[in-house]
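Engineer: The sequence and its predicted three-dimensional model are supplied below.
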Amino acid sequence: MELVMERMPELKIPASSSTTTTPTTVEHEIRQYDWSPDIGWGHVLGNADDHLRCLAACTAASIGVANIAAAVNVQDWASLARSPASTMSGGTLVEEPICAIAAAGDDSKGLRLFHLLMAAADALSMDQKNRELARVILVRLRELASPTGALGIERLASHFTDAIQSLLDSSTCPRRGDIDQIPHQHRHPTDVSLTAFQLLQHMSPCVSFCYLTANQAILEAISGERRVHIVDYNISEGVQWASLIQAISSGFTGFAHPPPLLKITAVTNGSRRSSAVAHEAGRRLSAFAASIGQPFSFRLCRLDCGRKFQPTSVKVVKGEAVVFNCVLHQAHLQHGSAVSVMSFLEGAAAIEARVVTVVEEEGGDGSSAAGEKEVGFAGRFMDEVKRYIAVWDYLEAGFPMQGMVRQMVERVILGPGIAGAVRRAYERHVCGDRARDGCAEWLATSGFDRVALSFFNLSQARLLLGLFQSGFHIDEDAPNKLTLRWKSRRLLSASVWVFPPPKSSSPSSAF
């Protein structure tokens with residue numbers, strides 16, 4: 001059945017509750033947290049729902065997060081880390097000791113899980129004999145951890161255990177960019193993924209922060225244009241573009257009616273599944289655009305056999321304002337090797353894109369996660385453990401009850417994200433894929449200019465955080481870059497760039 005994208009409803013954030021009773025049904029959770037009725041609840045129950053509505057509401061509308069209903073004061077519930085060291089006093093950030101967080105709920109069990117995970121990562125990074133040791137450690141981990149455990153650290157450890165097991169079961173280094181390396185249990189129908197993303201949007205500002213900041217910068221860069229062409233490196237389910245389509249069509253962004261023609265070119269890695277996912281995203285976006293009268297076209301382009309982007313694969317029409325969008329935090333980003341990403345950004349310069357928007361994960365020390373060098377697999381693995389401990393921490397702070405909704409988000413979004421992060425770290429260790437510097441650092445040293453974010457863009461990002469529990473913060477790292485952090489842990493950054501046009505040489509003097 002054709003999926004129909006509805007007009008974007010008001011963003012609704014789940015209200016807080018002081019009860020500590022664990023909900024026993026999805027209906028109870030819906031009432032208790034005031035979830036949006038647009039969510040496909042049948043998927044939470046495990047039943048197919050052909051009428052799942054699109055995630056036009058997954059991000060706050062770029063045309064005005066300021067128009068969102070008044071912020072709900074969400075209670076700052078007890079977090080996964082109950083150590084006094086994890087609190088902030090007088091506005092001073094306090095680094096949270098990893099072991100203190102891992103020990104949440106049960107000191108001995110939390111610490112054992114953490115140390116067993118690190119021991120397995122150390123063993124996996126060594127020779128074949130130690131790989132057998134890693135298998136033995138995983139047996140013990142499975143005895144202690146469960147994806148449905150009562151403690152957050154149990155469920156987190158279970159996902160990392162599965163990720164390591166997947167690496168051990170791979171006899172050779174998988175082909176980079178091959179989507180078939182995603183374990184079967186981490187593949188979910190598109191409509192189920194959309195539902196899980198919408199649930200996550202209610203529980204965390206991360207998804208909305210990324211798309212809001214990038215989309216607002218795009219809207220400002222293309223204001224008044226009659227033809228707009230977006231080249232998207234990682235379209236995934238197409239969640240980012242529903243709100244942008246609505247914003248362009250609404251007439252509140254400086255466009256004269258009729259709205260401009262919008263074209264999106266999605267980059268795929270050439271595999272059958274990658275193309276199918278992108279094609280389905282295009283179908284949904286096309287249906288949505290048609291429903292609101294927005295002129296729209298969609299096409300695919302493939303990376304070459306070396307997983308590099310070729311500018312000639314994108315058909316650019318004269319008069320188009322070209323935008324390059326590069327989002328590098330998705331769980332199933334399969335073609336995001338260093339060579340592939342850099343070739344895409346170089347393509348932006350070759351095509352003379354009007355603006356380049358980049359979203360990427362940040363390392364805990366303030367550098368891009370991808371920018372760690374010479375730390376080995378165990379070091380990168382530890383950084384991913386720290387990252388996801390922070391994720392579990394803020395989910396506990398805002399949504400502490402363990403129920404079907406939380407389980408679905410962990411199973412569909414976070415579990416595959418952990419598996420992908422661990423696999424990419426291992427590829428760099430075994431297959432010789434050197435960790436790239438963060439995209440922002442690379443762009444800054446490759447001739448790109450920073451595009452300052454507008455006051456409105458910054459203001460709406462801060463307003464978005466006001467809709468969630470305290471603990472989230474926005475850092476202005478540069479005039480063109482915002483970073484989202486949870487307490488002292490940096491999570492994601494969004495930055496905006498442009499490659500300056502070549503300077504026209506003045507006629508040389510004849511004398």
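Structural biologist: Nice, I can see it.

Engineer: Strands of the chain, residue ranges please.
Structural biologist: Using DSSP state E, the strands of the chain run over residues 227-232, 261-268, 296-302, 321-327, 355-361, 449-450, 472-478, 481-486, 489-498.

Engineer: Lowest average confidence across helices and strands of the protein, where is it?
Structural biologist: Lowest on mean pLDDT, DSSP states H and E among the helices and strands of the chain sits helix 98-102, with a mean of 47.

Engineer: could I get the strands of the chain as TSV with mean pLDDT, mean neighbour count and distance to Arg284?
Structural biologist: No exception for glycine: its C-beta is placed from N, CA and C like everyone else's. Putting those into TSV (pLDDT from 0 to 100; neighbours: other CB atoms under 10 Å; distance: least, CB to CB, whole Å) gives the following:
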stretch	mean pLDDT	mean neighbour count	distance to Arg284
strand 227-232	98	23	14
strand 261-268	96	23	12
strand 296-302	97	17	10
strand 321-327	97	24	17
strand 355-361	95	24	21
strand 449-450	97	14	34
strand 472-478	96	16	29
strand 481-486	97	21	27
strand 489-498	96	24	24
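
Engineer: Make TSV from those strands and add distance to Leu111 to it.
Structural biologist: Listed next are the strands of the chain as TSV, based on distance: least, CB to CB, whole Å:
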stretch	distance to Leu111
strand 227-232	43
strand 261-268	43
strand 296-302	47
strand 321-327	35
strand 355-361	26
strand 449-450	44
strand 472-478	27
strand 481-486	22
strand 489-498	20
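
Engineer: and Leu199, how far is that from Leu395?
Structural biologist: 11 Å (CB to CB, to the nearest Å).

Engineer: The two: who's more crowded?
Structural biologist: Taking neighbours as other CB atoms under 10 Å, Leu199 and Leu395 compare with Leu199 leading, 26 against 20.

Engineer: rewinding a little: please identify every residue contacting each of Leu199 and Leu395.
Structural biologist: Common contacts of Leu199 and Leu395 (CB atoms under 8 Å, 6 or more residues apart in numbering): Val409.

Engineer: in the stretch 51-200 of the chain, which ranges drop under the pLDDT threshold?
Structural biologist: Within the stretch 51-200 of the chain, the ranges that satisfy pLDDT under 70 run 51-107, 127-129, 171-188.

Engineer: From the structure, what's the count of residues near Ala406?
Structural biologist: Ala isn't right for residue 406; it's Arg. Using other CB under 10 Å, Arg406 has 21 neighbouring residues.

Engineer: residues contacting it?
Structural biologist: Neighbouring residues of Arg406 by CB under 8 Å, 6+ apart: 395, 399.

Engineer: tell me the pLDDT at it?
Structural biologist: Arg406 carries a pLDDT value of 86.

Engineer: quick one: low-confidence ranges for the stretch 301-450 of the chain?
Structural biologist: 330-336, 364-375, 401-402, 431-437.

Engineer: Recalculate using a threshold of 50.
Structural biologist: 370-373, 435 (pLDDT under 50).

Engineer: Quick one: the helices in it, in order.
Structural biologist: Shown for the stretch 301-450 of the chain, the helices assigned by DSSP state H, counting those that start in this stretch span residues 338-351, 376-398, 404-409, 415-430, 439-444.

Engineer: how about a markdown table for those, with distance to Val136 added?
Structural biologist: As requested, the helices of the stretch 301-450 of the chain are exported to a markdown table (distance: least, CB to CB, whole Å):
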| stretch | distance to Val136 |
| --- | --- |
| helix 338-351 | 34 |
| helix 376-398 | 17 |
| helix 404-409 | 29 |
| helix 415-430 | 19 |
| helix 439-444 | 39 |
